[in-house]
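**Q** sequence first, predicted model second:
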Protein chains: 2
Amino acid sequence: MSRPADRTRQALVTAATAVFAEKGFEAGSVREIAQRAKANPAAISYHFGGKEDLYREVLRAAFRAFEAQAQLTEAEIDALNRREALRRYLAWQLQPLVKRDQFSRIVRLFAWENVSPTPVLRALVAAEPLPVLALAGQLVRRYRPRAEPEELALLTFWLVNQTGPFVRDAAFLVEEPFRLTLDQAFVDRLGGLLLDLVDGALAAGGGVSD
Amino acid sequence: MSRPADRTRQALVTAATAVFAEKGFEAGSVREIAQRAKANPAAISYHFGGKEDLYREVLRAAFRAFEAQAQLTEAEIDALNRREALRRYLAWQLQPLVKRDQFSRIVRLFAWENVSPTPVLRALVAAEPLPVLALAGQLVRRYRPRAEPEELALLTFWLVNQTGPFVRDAAFLVEEPFRLTLDQAFVDRLGGLLLDLVDGALAAGGGVSD
DNA sequence: TCCGGCCTTAAACAGGCGTTTGAGATTCAA
DNA sequence: TTGAATCTCAAACGCCTGTTTAAGGCCGGA
């Protein structure tokens, strides 16, 4: 695959990622995408089939990019000290804060899907469960091996959302009244703070010792 | 004020709240709003000035409705046992889960604003800081009176987001793979679980005893 | 050189958007 | 009852949307 059209395809996917991240799927227009890719709107229908199919391509690439950064496998969760496993999990989830330019668009894509899921994403995740949920669930069981299924589900959802708000609303945190500076040292401090909080929360009230 | 036009005004605000909650400000159309209110699209321009002005009215009503449900004042936070204050704070924030029909639209309105803030809301909150942030910050200081400003800011933001995901993504929690049932008993259990988690997290690692 | 497939393009299509217009209905005070 | 103010409504305006169409450029093989 080194046809002349590959340049157009790749440019369209890149431009679409930026536009959909900024405005969401509905509000992102094929004309703006084409303009940023220096291509014609009709090229989207020609190469992908339509706006939805282009979006599917964008989501697939986003999933690949995010999961490639995982610093934790299912095997490691059971092998490692549970606090160390938790530390790696949090570090992975906070990576978008470090590699801001690279990941911010992907984070925003998922934020849009969070408030208004598209049929495109629903179809994609229906195929197989999200790896991040499986990892978080396994991590919770290291702390609460005897928890009921409902409590386990709640704790898993809770753990996933310990980092989400910081990543999703990073732009909000640098403004008033918070005024935080998002450099590497800050992300390290945040990671340490969250590790203490989450470890403390899971260990207290119902947790078993490691 | 019991002019004949008041019926139209009220019907438009009600319909607009539903439509904006479902689709967001941009995607919510004046034609759909007018149709649900059994009115003419031109009535929006006539009574409010335009789509933005109608939205401002919707947001104002939403703020009033949400803050009227507060179960905690600044004075009570310092007077009460800190765990009891935290319990009341969490109960307040989880109320949308209990009174689902009444509050779900407001929660969704703010969820849209979270991913893509409108100039309308920005102008509204610029006037004065959000009461919920002030309360959460005061609560955090009960646990960590000697924390640095940055840590205080992070902990405040963290506390606010302990309940947010459960309320915002309640529709997600009832589906696979979680399959939770959102009745009163469940919300009580969730409130108790979160109270233990948050109290444990804030008390561990840096917290002082009460 | 010429042909045929791949690619790009401007133009047009049907439909939705927020808002304005002007005429008609309705309401209320005098 | 009359006149003026208030309100409603269908129609039209200009602009934007995703997609289709048809014409032409481009390029490698015969």
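**A** Good, I have the coordinates.

**Q** contact partners for the most centrally placed residue in chain A?
**A** The centre of chain A sits closest to residue A:107, judged by Cα atoms, centre = their mean, with a distance of 5.1 Å. Residue A:107 makes contact with A:96, A:167, A:168 under the criterion Cβ atoms under 8 Å, 6 or more residues apart in numbering or on different chains. Where you see a C-beta, it was placed from the backbone N, CA and C, and this is true even at glycine.

**Q** out of those, who's nearest chain B?
**A** residue A:168 (7.8 Å; Cβ to the nearest Cβ).

**Q** now do the buried residues in stretch A:162-177.
**A** Buried positions in stretch A:162-177, judged by neighbour count with 16 or more other Cβ atoms under 10 Å in any protein chain shown: A:162, A:163, A:164, A:165, A:166, A:167, A:168, A:169, A:170, A:173.

**Q** no wait, stretch A:129-136
**A** Buried positions in stretch A:129-136, judged by neighbour count with 16+ other Cβ under 10 Å: A:132, A:133, A:135, A:136.

**Q** what sits up against it?
**A** Defining contact as Cβ under 8 Å, 6+ apart, one finds that stretch A:129-136 is touched by A:67, A:70, A:72, A:74, A:77, A:89, A:93, A:156, A:159, A:160, B:177.

**Q** any idea which of the residues you listed is the one closest to DNA strand D?
**A** Using Cβ to the nearest atom of the strand, residue A:67 comes nearest to DNA strand D of those, at 28.1 Å.

**Q** against chain B, how distant is the closest one?
**A** Residue A:67 is 18 Å from chain B, where distance means Cβ to the nearest Cβ, to the nearest Å.

**Q** do you know how far that residue is from residue A:128?
**A** In this view, residue A:67 and residue A:128 are 12 Å apart by Cβ to Cβ, to the nearest Å.

**Q** pull the helix or strand with minimum mean pLDDT from chain A.
**A** None of the helices or strands of chain A scores lower by mean pLDDT, DSSP states H and E than helix A:170-173, at a mean of 88.

**Q** roughly how far is it from the heart of the chain?
**A** Counting by Cα atoms, centre = their mean, to the nearest Å, helix A:170-173 is centred 16 Å from the centre of its parent chain.

**Q** hey, where'd the strands end up in chain A?
**A** Remark: no strands are assigned in chain A by DSSP state E.

**Q** and the lengthiest helix in it, what does it pack against?
**A** Across chain A, the helix with the greatest residue count (assigned by DSSP state H) is helix A:5-27. Packing partners of helix A:5-27 (3 or more Cβ pairs under 8 Å, 6 or more residues apart in numbering or on different chains; DSSP states H and E): helix A:30-36, helix A:41-48, helix A:51-67, helix A:100-115, helix B:5-27.

**Q** how about it, does it reach DNA strand D?
**A** No: residues of helix A:5-27 are not located near DNA strand D by Cβ under 7 Å from any atom of the strand, the shortest gap being 7.8 Å.
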